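Novice: Everything below, folded, please.
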Amino acid sequence: MEDCNSSKGEVHANFTKQKNSSARSGICLKSSSSGRSTPQNSPSFQRPHSTLTPRRESKGVAQCYGSNRILLWLLLITLWAYLGFFVQSRWAHDEKEEEFSGFRSRQRDATKSYDELNQHHDLIAKNISLSVKIEQVVNKPIDVALAKKEYGVLPEVKASTRKRRRRPMHVLRGKRRRKHKLESGGLEELEPEIPPRNSTYGFLVGPFGSLEDRILQWSPQGRYETCNTKGKFARLVWSRRFVLIFHELSMTGAPLSMMELATELLSCEASVHAVVLSRKGGLMQELARRQIKVLDDKAYHSFKTAAKADLVIAGSAVCASWIEQYIEHFPVGASKVAWWIMENRREYFDRAKDMLQRVKILIFLSQAQSKQWQKWCEEESIKLRLQPALVPLSVNDELAFVAGIPSTHNNASFSAAKMDERRKLLRDSVRREMGLNDNDMLVMSLSSINRGKGQLFLLESARTIVEDEPLHHDNKKMPVSFNDGEHHDNSSVAFNNISSTFTKSKEVLSNNNATTAQSLKILIGSVGSKSNKVDYVKGLLRFLAHHSNLSKSVLWTSATTRVASLYSAADVYVINSQGLGETFGRVTIEAMAFGLPVLGTDAGGTQEIVEHNVTGLLHPIGRTGNHVLAEHLRFLLENSFAREKMGIEGRKKVQRMFLKQNMYEKFAEVLDMCMTTK
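Specialist: Here you go, the predicted model:
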């Protein structure tokens, strides 16, 4: 027994000793199922069937359970808040198609209202229409619509599918009110839209771009690669940087000319950036299609880009404000500005005169314009740095090709001869769409609709033919004002001179085979142009409302860059610019390229283009010229041979003087002067 007790005592002593040493070494011992003590991290300790668990572990589980409960509550609160935010966001922004909580979708209502307002948006460059009324003298209202263009595209009102940050409703309502006020404030610049079918003031036709593509059968991708790499212009601009300043993007002469200049520079491997001072108009999509980079900023960023360019070309007198700010930021940059001025009225000179002597060089379109601006400069004691250059406009290669004139588009499979056949087919198709027959003589005038273009005088002259009434011109009852700051008292002299030569023109151009007189049709464009004047268009509509027979002979067409079909369908072109006359008249040379005789005013650049009795007939400006214009229209109605002969001569003159290569040869001289002269 003693031995047993002694052995037990030794075991107890050893166990105590071992336990104390383990405690000192930081190792926790635990009894296993076999009764042996093992370290806590040993494999036998981690077996799942271990029956002994310290109390501190049960305490940790309780703490863990408590913390998990807190996390669970936080998670539930978060989900609840997110659900509330989601529901409120759906309600505010109407992202579902179905109604929510009894509230209808505001944006669906807006879309519906826009759809109702735009039932005929495809007829005039997809405009947003706002209705107004014009009261006639007979107290019968004429329904007209004021059309607001948005870059030629109808903006679609759709509910957004993206999540947006929620804003207070009163802020949104305020923004909507401000936006509506902004849009309604621009109505003064808009022009009445002509309904497609009416019996009061003529029919709306076109545009015919899709018809052109289908009949001409060419791909638009290769239209713009037209650079003559062997020419001087290409050598001068290759790898150089240019900044072009557009004053607006309307489909009128200056923006179109600048767009084609940018296209030519790009095709000749130059770097081009465009600065657009006003984006109203329909050319933004066309600029993107031609891959012309438009700077978003028209202030300091554009100034920095211009300072790094080799040359800055401004395309209108309206660019004076931008040029002034640019020179203020970079005074040295004034020596790199070429100013291509395309206006010829005193108000534009007054706007630009402070900057004329600071730029490198001025470029004009015609001799008449150049002489007039230099005269104004002398009156204001303005000394120019260099003698002004003269660069007339040209017929672009695309129109020349459709007209049957050899151009860069010619190739073995697509010659001018084949284009002649397709142009005749295009003419027949377009005239059929317009409702014309072979006995109709279509007289066309494509320009912005305003007082300076003289559309009312054209209608007054046409009325004497359609209604077979004598023309009575009473200047006291119907005063004429063009607001160009110029007074002209030589209209009667010009009237007598042209009247005396008109008899000679009959003798020269008439022949024994004169055809039976045709019926007169008038086509007026461009509806939807930013340059149109509302009051003037209303006056045209009132005039037509009083002359129902004339209104049946009037057609309207919208503003478009696809004009080949219109020139193909026409028989005579009228350029009736008033005041100082047309600066140059790009449409004049385009009409001549298509073999059309031109009836123009004896003023400005028109008298430099149109040779009287050769390529067309000239008449005086103002209402005193209406009688002469009416006689010219009547003469061409009765003599198809004269029309054909004038058209052939005009086409020859275009091929000799007004093709693209002629223009860029003169532009190369200007560029050479700008880049070599300090």
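Novice: Please, where are all the strands along the stretch 501-650 of the chain?
Specialist: 519-527, 554-558, 572-575, 598-601, 616-619 (DSSP state E, counting those that start in this stretch).
Novice: In JSON lines: those, plus mean pLDDT.
Specialist: Output for those, formatted as JSON lines (pLDDT from 0 to 100):
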{"stretch": "strand 519-527", "mean pLDDT": "94"}
{"stretch": "strand 554-558", "mean pLDDT": "94"}
{"stretch": "strand 572-575", "mean pLDDT": "98"}
{"stretch": "strand 598-601", "mean pLDDT": "98"}
{"stretch": "strand 616-619", "mean pLDDT": "98"}
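Novice: can you put those strands in CSV and add distance to residue 458 and mean neighbour count?
Specialist: Glycine gets a C-beta too; all of them are placed from N, C-alpha and C. Formatted as CSV, the strands of the stretch 501-650 of the chain follow (distance: least, CB to CB, whole Å; neighbours: other CB atoms under 10 Å):
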stretch, distance to residue 458, mean neighbour count
strand 519-527, 7, 24
strand 554-558, 10, 23
strand 572-575, 6, 28
strand 598-601, 9, 28
strand 616-619, 11, 28
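Novice: could these be laid out in CSV, adding distance to residue 281?
Specialist: Shown next, in CSV, are those (distance: least, CB to CB, whole Å):
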stretch, distance to residue 281
strand 519-527, 11
strand 554-558, 13
strand 572-575, 22
strand 598-601, 26
strand 616-619, 30
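Novice: Can you check which of those strands gets nearest to residue 542?
Specialist: Checking the strands of the stretch 501-650 of the chain against residue 542 by CB to CB gives strand 554-558 as the closest, at 13.3 Å.
Novice: what ranges of the stretch 51-200 of the chain fall below the confidence cut-off?
Specialist: Where the stretch 51-200 of the chain drops to pLDDT under 70, the residues are 51-67, 85-199.
Novice: One more: the stretch 401-550 of the chain?
Specialist: Low-confidence segments of the stretch 401-550 of the chain (pLDDT under 70): 408-414, 469-517.
Novice: could you show me where the helices are in it, in order?
Specialist: 416-434, 455-466, 491-509, 534-546, 548-551 (DSSP state H, counting those that start in this stretch).
Novice: tell me which residues in the last one are buried?
Specialist: What it means is helix 548-551. Residues of helix 548-551 classed as buried by neighbour count (16 or more other CB atoms under 10 Å): 550-551.
Novice: So what touches it?
Specialist: Helix 548-551 is contacted by residues 199-202, 459, 462-463, 466-467, 544-545 when judged by CB atoms under 8 Å, 6 or more residues apart in numbering.
Novice: out of those residues, which are buried?
Specialist: For the contacts of helix 548-551, buried by 16+ other CB under 10 Å: 200-202, 459, 462-463, 466, 544-545.
Novice: Dump those to CSV, plus distance to residue 522.
Specialist: Putting the buried ones among the contacts of helix 548-551 into CSV (distance: CB to CB, whole Å) gives the following:
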residue, distance to residue 522
200, 15
201, 11
202, 8
459, 7
462, 5
463, 10
466, 9
544, 10
545, 16
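Novice: that older thread, and the helices of the stretch 401-550 of the chain: which comes nearest residue 209?
Specialist: helix 416-434 (11.3 Å).
Novice: quick check: angle from the closest one to strand 554-558?
Specialist: Interaxial angle, helix 416-434 versus strand 554-558 (axes from the mean of the first three to the mean of the last three CA atoms, to 10 degrees): 120 degrees.
Novice: pretty sure residue 523 is touching residue 442, no?
Specialist: Yes - Residue 523 is within contact range of residue 442, at 5.9 Å (criterion: CB atoms under 8 Å).
Novice: Among the strands of the stretch 501-650 of the chain, which comes closest to residue 354?
Specialist: So among the strands of the stretch 501-650 of the chain, strand 598-601 is nearest, using CB to CB, at 31.2 Å.
Novice: Tell me the strands beside the closest one, with direction?
Specialist: Within its sheet, and counting by DSSP bridges, strand 598-601 is paired with strand 572-575 (parallel), strand 616-619 (parallel).
Novice: Run through who's touching that strand.
Specialist: Under CB under 8 Å, 6+ apart, the answer for strand 598-601 is 443, 454, 572-578, 581-582, 585, 588, 591-592, 606-607, 609-610, 615-621, 625, 629, 632-633, 636, 646, 650.
Novice: got the contact list for stretch 294-301?
Specialist: Contacts for stretch 294-301 (CB under 8 Å, 6+ apart): 273-277, 284, 287-288, 302, 305, 322, 325, 329.
Novice: Could you list the alpha-carbon positions for the helix or strand containing residue 307 in PDB?
Specialist: Assigned by DSSP states H and E, residue 307 belongs to helix 300-308. Coordinates of each C-alpha in helix 300-308 appear next as PDB, following Å, rounded to 0.1, in the frame of the first residue of the first chain:
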ATOM      1  CA  TYR A 300      -9.900  80.100 -74.800                       C
ATOM      2  CA  HIS A 301      -9.400  76.500 -75.900                       C
ATOM      3  CA  SER A 302     -10.100  77.600 -79.500                       C
ATOM      4  CA  PHE A 303      -7.700  80.500 -79.100                       C
ATOM      5  CA  LYS A 304      -4.900  78.100 -78.000                       C
ATOM      6  CA  THR A 305      -5.600  75.800 -80.900                       C
ATOM      7  CA  ALA A 306      -5.500  78.700 -83.300                       C
ATOM      8  CA  ALA A 307      -2.300  79.900 -81.900                       C
ATOM      9  CA  LYS A 308      -0.600  76.600 -82.700                       C
END
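Novice: Could you pull out the buried residues of that helix?
Specialist: 302-306.
Novice: what do you get for stretch 373-386?
Specialist: For stretch 373-386, the buried set under the neighbour-count rule, 16+ other CB under 10 Å, comprises 373-374, 376-377, 382.
Novice: follow-up on the earlier one: report the set of residues contacting both of residue 523 and residue 442.
Specialist: Counting by CB under 8 Å, 6+ apart, the residues touching both residue 523 and residue 442 are 434, 570.
Novice: domain parsing for this structure?
Specialist: Domains of the chain are assigned by the TED database as 230-393+666-673, 397-466+517-657.
Novice: just the buried ones among the contacts of helix 548-551 now: which is nearest residue 405?
Specialist: Relative to residue 405, the closest of the buried ones among the contacts of helix 548-551 is residue 462; by CB to CB it sits at 30.2 Å.
Novice: List the contacts of the closest residue to that closest one other than its chain neighbours.
Specialist: Closest residue in space to residue 462, ignoring its immediate chain neighbours: residue 522 at 5.4 Å, by CB to CB, 6 or more residues apart in numbering. By CB under 8 Å, 6+ apart, residue 522 lies in contact with 442-445, 458-459, 462, 553-555.
Novice: Residue 576 versus residue 522, what's the distance?
Specialist: Taking CB to CB, to the nearest Å as the measure, residue 522 falls 11 Å from residue 576.
Novice: need the strands for the stretch 251-400 of the chain, in chain order.
Specialist: Counting by DSSP E, counting those that start in this stretch, the strands of the stretch 251-400 of the chain are 271-276, 293-294, 311-314, 337-340, 361-364, 389-390.
Novice: Could you dump the ones you listed into a markdown table and include distance to residue 249?
Specialist: Formatted as a markdown table, those follow (distance: least, CB to CB, whole Å):
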| stretch | distance to residue 249 |
| --- | --- |
| strand 271-276 | 6 |
| strand 293-294 | 9 |
| strand 311-314 | 15 |
| strand 337-340 | 16 |
| strand 361-364 | 21 |
| strand 389-390 | 25 |
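Novice: Columns mean neighbour count, mean pLDDT and distance to residue 78 on top of those strands, output as JSON lines?
Specialist: Shown next, in JSON lines, are those (neighbours: other CB atoms under 10 Å; pLDDT from 0 to 100; distance: least, CB to CB, whole Å):
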{"stretch": "strand 271-276", "mean neighbour count": "21", "mean pLDDT": "97", "distance to residue 78": "49"}
{"stretch": "strand 293-294", "mean neighbour count": "15", "mean pLDDT": "96", "distance to residue 78": "46"}
{"stretch": "strand 311-314", "mean neighbour count": "26", "mean pLDDT": "97", "distance to residue 78": "58"}
{"stretch": "strand 337-340", "mean neighbour count": "24", "mean pLDDT": "97", "distance to residue 78": "62"}
{"stretch": "strand 361-364", "mean neighbour count": "22", "mean pLDDT": "97", "distance to residue 78": "68"}
{"stretch": "strand 389-390", "mean neighbour count": "17", "mean pLDDT": "96", "distance to residue 78": "72"}
